[in-house]
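Engineer: return a 3D structure for these sequence lines:
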Amino acid sequence: MVNYRTAAPHEREAYIDLANYAFRLDFETLMPKAYDKGLDTSALHKVAVDEAGRLRAQVAVFPEFVTICDHTLRTGYLGTVSVHPRARGEGHMKALMNLWLEELRGTCDMVVLYGQRQRYEYFGFTLGGVKFKYSIGEANVRHGWREVDAAGITFSPLFKIEGGAEFAYSMNTSRLAYVEREMEQLPLIFSSLHQNALGVLDQDKLIGYLVVNEAGDEVSEFAVEQPGDIARTLKAYREYSGVERITADTPEYDLPLNTVLGSIAEDFVIENSDMYHILDFANVLKAYLTLKFKTTGIAWGEFSAVMDGQPVTARVDAEGVTVERSARPDAVILDRPDAQALLLTQHSRYMAVPAPAGWFPLPLFWYKIDKY
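Structural biologist: Sure, this is the predicted structure:
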């Protein structure tokens, strides 16, 4: 008989070994915020244990608080879904996923993951959200930014710069939307997925930072104090990196960054960000509609629906966004897949519902959901 339960502290090596074996990776270096040597995150893992005490499968959920325009969402990042090859097809993933989702109901606003779409749609997740990916080559910089003066911009490992951690923490909390990060964890967070954090210095003064992949050709996080330094920084970084072409990911609502990159990029694509399982529709709507109201803009009006059994009415006017936990008598009734598709995608059959143009899809803030 298999027992489904929370992992015990003494099983730390066993659940890391299972993840390494299933994925052929080294999770201690891949995701140090969760698996750094000596770090105990056993309470965040649900495991399937057989009669012999062997771990046959596991699913982890890492709690995160996402602050969006002063609204805090209780969020869980679900990952490390691992099944031993000899235990596949026995239903362990299904049991552990359902165990987690039932436990999170009432204590979490949404659960986020990255994974194969059809596999996780069975558990109420919807692929969605928006991120932009820009491609910038040598010719784009040479011609598009020929008048940009990047002199004085240099780069150095962020956490070797005095005050680097404090600076990054301050930059993070100054955003309209961000995951709440503990300052002492920033070196682990920024090194996840084998990335590197570089401080941006102007005449030896720290003005920003970049998080880049090992090859140096992908920028996953970008922050500078002044929008006027965006082009200077990226022009200097392309030369510093020595790569022919770099890609830069941005959230939809970061208007200064998108404006600068869009002005010279060779091309860009719009991608989905992650998969989402919304547990509290009212809280999520309030936070993200407010973000859209303050950035990309949103039409005034009212929308009322019962979403997965939750009555919600959202209104937008000159004063901002209000969300009530009630619905009009004529409100549309949506099950979970249709409610999430309406909020997260361009392809919902309910896009014809009489909601003000420009409301949906929500610009879910993709890259501040730390990937541990």
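Engineer: just the strands from the stretch 201-350 of the chain, written as ranges.
Structural biologist: Taking DSSP state E, counting those that start in this stretch as the criterion, the stretch 201-350 of the chain contains strands spanning 205-212, 218-224, 245-251, 267-271, 274-278, 301-307, 310-317, 320-324, 332-334.
Engineer: can I get the ones you listed in JSON lines including distance to residue 87?
Structural biologist: C-beta here means a position set from N, CA and C on the backbone, and glycine is covered the same way. Formatted as JSON lines, the strands of the stretch 201-350 of the chain follow (distance: least, Cβ to Cβ, whole Å):
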{"stretch": "strand 205-212", "distance to residue 87": "36"}
{"stretch": "strand 218-224", "distance to residue 87": "34"}
{"stretch": "strand 245-251", "distance to residue 87": "36"}
{"stretch": "strand 267-271", "distance to residue 87": "33"}
{"stretch": "strand 274-278", "distance to residue 87": "24"}
{"stretch": "strand 301-307", "distance to residue 87": "36"}
{"stretch": "strand 310-317", "distance to residue 87": "36"}
{"stretch": "strand 320-324", "distance to residue 87": "43"}
{"stretch": "strand 332-334", "distance to residue 87": "37"}
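Engineer: where does the stretch 1-150 of the chain dip in pLDDT?
Structural biologist: For the stretch 1-150 of the chain, no stretch has pLDDT under 70.
Engineer: quick one: the strands in it?
Structural biologist: Using DSSP E, counting those that start in this stretch, the strands of the stretch 1-150 of the chain run over 3-6, 45-49, 55-68, 71-83, 110-113, 126-128, 131-137.
Engineer: nearest to residue 319, of these?
Structural biologist: Closest to residue 319 of those is strand 71-83 (Cβ to Cβ; 15.8 Å).
Engineer: residue 115: which of the strands of the stretch 201-350 of the chain is closest?
Structural biologist: For residue 115, the closest of the strands of the stretch 201-350 of the chain is strand 274-278, at 6.4 Å, according to Cβ to Cβ.
Engineer: note down every partner strand of that closest one and its orientation.
Structural biologist: Sheet partners assigned to strand 274-278 using DSSP bridges are listed as strand 110-113 (antiparallel), strand 126-128 (antiparallel).
Engineer: mind putting the ones you listed into JSON lines with distance to residue 215?
Structural biologist: JSON lines is the format used below for those (distance: least, Cβ to Cβ, whole Å):
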{"stretch": "strand 110-113", "distance to residue 215": "26"}
{"stretch": "strand 126-128", "distance to residue 215": "27"}
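Engineer: re the thing from before, will you turn the strands of the stretch 1-150 of the chain into a markdown table that also has distance to residue 160 and mean neighbour count?
Structural biologist: A markdown table is the format used below for those (distance: least, Cβ to Cβ, whole Å; neighbours: other Cβ atoms under 10 Å):
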| stretch | distance to residue 160 | mean neighbour count |
| --- | --- | --- |
| strand 3-6 | 38 | 13 |
| strand 45-49 | 33 | 24 |
| strand 55-68 | 27 | 21 |
| strand 71-83 | 28 | 21 |
| strand 110-113 | 32 | 23 |
| strand 126-128 | 38 | 23 |
| strand 131-137 | 27 | 19 |
